[in-house]
Every structure is written in structure tokens, then in C-alpha cells.
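Peer 1: Fold the stuff below for me.
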Amino acid sequence: MSEPVEQQSNPTVVHVARPLEPEKPVLSAEALRRHERSKDVYPFLNLSEGEYVISAVRRHPIGLVVPLGLGTLLIGIALSILFNYGAIVVLLRPSLLPVVLLMPERQLCLFGPLLRP
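Peer 2: Got it, this is the predicted structure:
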């Protein structure tokens, strides 16, 4: 039979209790000044107390060309395949099309008889 596995006496995970309301950090006058300036310059940001903007990175619109172009191309290909599916099937698998055999008394189809109106 198998031998019992020994339990470790020292746990590797330590649980630490944290207070519900953490202590507020002491902010320097410089940090408060930067916070106020950031709130004035970027009013649309939700800055917490003491947070400030270090640098703002502007994105050039040319970066949108590749994703929008690729997305438009893929949607165009998908729509083209969707609307031309019948022709694509004919080109790729002509043996799947029903072959109509003309007979003097009636027309037959490999997948069943064709009914004339």
C-alpha cells in the first residue's frame, strides 16, 4: 500500500489581515501641486487623491489605417463569399451539382426527379 504523505510544518502561503480603511499616505506639497495641475489639464480623468499624470502619449491617426483597412478587407471578402457562394461551389466541386439528363419522356436529376409545372 502507499505510505501517507507527510504534511509540511511550515506553510508556504502567509495570510495577512489588512485594515478595511487603509491609512492615507502622506503627500508632499509637490505631489499635491502636480495632482491639482493634472486635474485642471485633464478634467476627463478620474484621478484619486495624490495621483497625477506623468506623461501623455498622443496617438497618430495613421495607426488606425492598418486595423480599419484590414477589417474592411476581411468584411469585403466575407460578403463576397456570402453572395457568390453558389458560383464558388460550382467552380470548386462541379461533381456536386445535379446533372440533368434529358430524356424524351421526362427530365431526371441525380438527386431526384425534376417536376415540370
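
Peer 1: how near is Ile75 to Ile81?
Peer 2: 11 Å (Cβ to Cβ, to the nearest Å). (C-beta placed from N, C-alpha, C; glycine too.)

Peer 1: Could I get the full set of strands for the protein?
Peer 2: Under the criterion DSSP state E, the chain contains strands at 100-102, 107-109, 112-113.

Peer 1: Apart from its neighbours in sequence, what residue is nearest Lys24?
Peer 2: Leaving aside its sequence neighbours, Lys24 sits nearest to Glu49 (Cβ to Cβ, 6 or more residues apart in numbering; 7.6 Å).

Peer 1: What count of nearby residues applies to the one you found?
Peer 2: 10 (other Cβ atoms under 10 Å).

Peer 1: Can we start the residue count at 645 from this point?
Peer 2: Understood, numbering begins at 645; the last thing we discussed is Glu693.

Peer 1: Just the pLDDT for it.
Peer 2: If you check Glu693, the pLDDT there is 86.

Peer 1: how far away is it from Ala700?
Peer 2: 20 Å.

Peer 1: Same check on Asp684?
Peer 2: 14 Å.

Peer 1: One more: Thr656?
Peer 2: Distance of Thr656 to Ala700, given as Cβ to Cβ: 43 Å.

Peer 1: And for Val670?
Peer 2: From Val670 to Ala700 the distance is 27 Å (Cβ to Cβ).

Peer 1: What of Leu708?
Peer 2: Taking Cβ to Cβ as the measure, Leu708 falls 19 Å from Ala700.

Peer 1: Neighbours of His704, how many?
Peer 2: Neighbours of His704 (other Cβ under 10 Å): 7.

Peer 1: I should have written Glu665 there, sorry.
Peer 2: Neighbours of Glu665 (other Cβ under 10 Å): 6.

Peer 1: and if you look at Lys683?
Peer 2: 15.

Peer 1: Identify the residue spatially nearest to it, adjacent ones excluded.
Peer 2: In space, Lys683 is closest to Leu691, 5.9 Å off (Cβ to Cβ, 6+ apart).

Peer 1: And that neighbour, its phi and psi?
Peer 2: Backbone dihedrals for Leu691, given as degrees, to the nearest 10, come out at phi -90, psi 130.
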